[in-house]
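S.K.: model the structure of this input:
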Amino acid sequence: MKILRVNSIIRLVFVAIILVASGYASVYFAGEVPITVKGSVIAKDSGDEIVFQVGAKANTNNGEDQSAQESANALTDEPEAEGQVLAANVNMATENELSDNYQKVTAEMDEFYAKLEKNYNYEKTLYEEATKLTNYLRAKKSPIAEYKYARQIISLARANGGDYRIIIAISGIESGFCRANYKKYNCFGYLNGVQYPNYTAALERLVPRITREYANKYGTNFEALAKAYGMLNFTYHAPRMARIYSDLS
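M.R.: I've put the predicted structure just below:
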């Protein structure tokens with residue numbers, strides 16, 4: 001009986017070695033974890049310390065181990081994956097913010113340079129016209145034949161929507177370009193009874209008023225303008241005003 005039992009054990013061990021070597025079995029040594037698990041049959045020699053298993057039970061144990069390992073990997077990978085998503089979102093937000101800021105700064109720079117160019121063109125034109133007017137008044141021996149007065153007249157006329165050449169034409173007829181004033185510093189014969197302290201104050205007050213009341217209303221219709229302004233013999237003065245206007249054009 002004993003010999004038979006030993007033979008049975010030997011057979012079981014022999015089969016187990018073959019199956020384990022082929023990857024189709026698990027061997028438990030005193031309750032240790034199996035090496036591999038495959039198959040569907042359970043073989044056992046009761047009363048011995050060697051238990052040979054091929055089947056569902058062994059497969060279940062290995063499946064549990066594999067599932068536990070996958071869960072552990074998932075727990076380990078999850079924060080890393082969340083970090084990667086967060087980093088990607090931060091990078092995208094940063095890129096969008098940089099893009100928005102770039103567009104904003106570019107628009108502001110374009111606006112700034114447009115204003116700069118506009119101001120440059122205005123100042124350039126103003127300088128050229130004021131220089132030309134200064135030279136013209138100097139040729140007429142006018143007491144306001146200075147760049148500062150020429151610039152003031154042009155700027156005030158434009159600020160009120162008018163043409164400075166019409167203003168100069170009026171002063172040419174009324175005072176000979178400020179050489180013979182109705183009142184001192186009043187180059188336009190404007191009958192308001194005010195005595196101004198200097199040319200700057202007189203021009204500051206009178207140019208806007210004459211621009212709005214006469215130059216803008218009548219334009220280059222000098223006969224109508226001369227009549228409305230109260231010039232004596234306006235039909236005579238109208239062509240003279242037109243000639244002054246033309247000389248400055």
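S.K.: can you pull out the strands in this protein?
M.R.: Along the chain, counting by DSSP state E, strands occupy 26-29, 50-53.
S.K.: could you tell me how many residues sit around the residue nearest to residue 154 when sequence neighbours are not counted?
M.R.: Once flanking residues are discounted, residue 154 sits nearest to residue 164: 4.5 Å by CB to CB, 6 or more residues apart in numbering. The C-beta positions use only the backbone N, C-alpha and C, and glycine is treated the same way. Applying other CB atoms under 10 Å, we find 22 residues neighbouring residue 164.
S.K.: got it, and residue 111?
M.R.: By the criterion of other CB under 10 Å, residue 111 has 10 neighbours.
S.K.: so what's the residue lying closest to residue 133 once chain neighbours are set aside up against?
M.R.: Among residues not flanking residue 133 along the chain, residue 150 sits closest, at 4.0 Å (CB to CB, 6+ apart). For residue 150, the contact set (CB atoms under 8 Å, 6 or more residues apart in numbering) comprises 129, 130, 131, 133, 134, 137, 144.
S.K.: and residue 157, by the same measure?
M.R.: 163, 164, 166, 167, 207, 211, 215.
S.K.: low-confidence bits of the protein, can you list those?
M.R.: Residues of the chain that meet the criterion pLDDT under 70 lie in 1-83, 85-90, 93.
S.K.: give me that answer again for 80
M.R.: 1-102 (pLDDT under 80).
S.K.: just the buried positions in stretch 189-197, please.
M.R.: Buried residues in stretch 189-197, defined by neighbour count with 16 or more other CB atoms under 10 Å: 189, 190, 196.
S.K.: mind checking which of the contacts of residue 157 are buried?
M.R.: Neighbour-count burial (16+ other CB under 10 Å) applied to the contacts of residue 157 gives 163, 164, 166, 167, 207, 211, 215.
S.K.: show me where the protein has helices.
M.R.: 2-22, 56-139, 147-159, 164-175, 199-210, 216-218, 222-229, 234-247 (DSSP state H).
S.K.: for residue 236, grab the count of nearby residues.
M.R.: 11.
S.K.: I meant residue 95, not that one.
M.R.: Neighbour count of residue 95, defined by other CB under 10 Å: 10.
S.K.: for residue 84, see how far away it is.
M.R.: Using CB to CB, to the nearest Å, residue 95 is found at 16 Å from residue 84.
S.K.: now swap in residue 129 and tell me
M.R.: Plainly put, residue 129 is 67 Å away from residue 84 if you go by CB to CB.
S.K.: tell me the phi and psi of the closest residue to residue 144 other than its chain neighbours?
M.R.: The spatially closest residue to residue 144, leaving aside those adjacent along the chain, is residue 178, at 5.0 Å (CB to CB, 6+ apart). Main-chain dihedrals, residue 178, degrees, to the nearest 10: phi 80, psi 10.
S.K.: quick check: residue 178 vs residue 232, distance?
M.R.: The gap separating residue 178 from residue 232 is 20 Å, by CB to CB.
S.K.: with neighbour numbers in mind, choose between those two.
M.R.: Set residue 178 next to residue 232 and count neighbours by other CB under 10 Å: residue 178 wins out with 25 against 7.
S.K.: returning to that earlier point: now flag whichever of the buried residues of stretch 189-197 is closest to residue 222.
M.R.: Distance to residue 222, by CB to CB, is smallest for residue 189 among the buried residues of stretch 189-197, at 15.6 Å.
S.K.: hmm, the closest one is touching residue 174, no?
M.R.: Yes. Shown here, residue 189 and residue 174 form a contact pair, counting by CB atoms under 8 Å, at 3.5 Å.
S.K.: shared neighbours, those two?
M.R.: Shared contacts of residue 189 and residue 174, defined by CB under 8 Å, 6+ apart, are found at residue 182.
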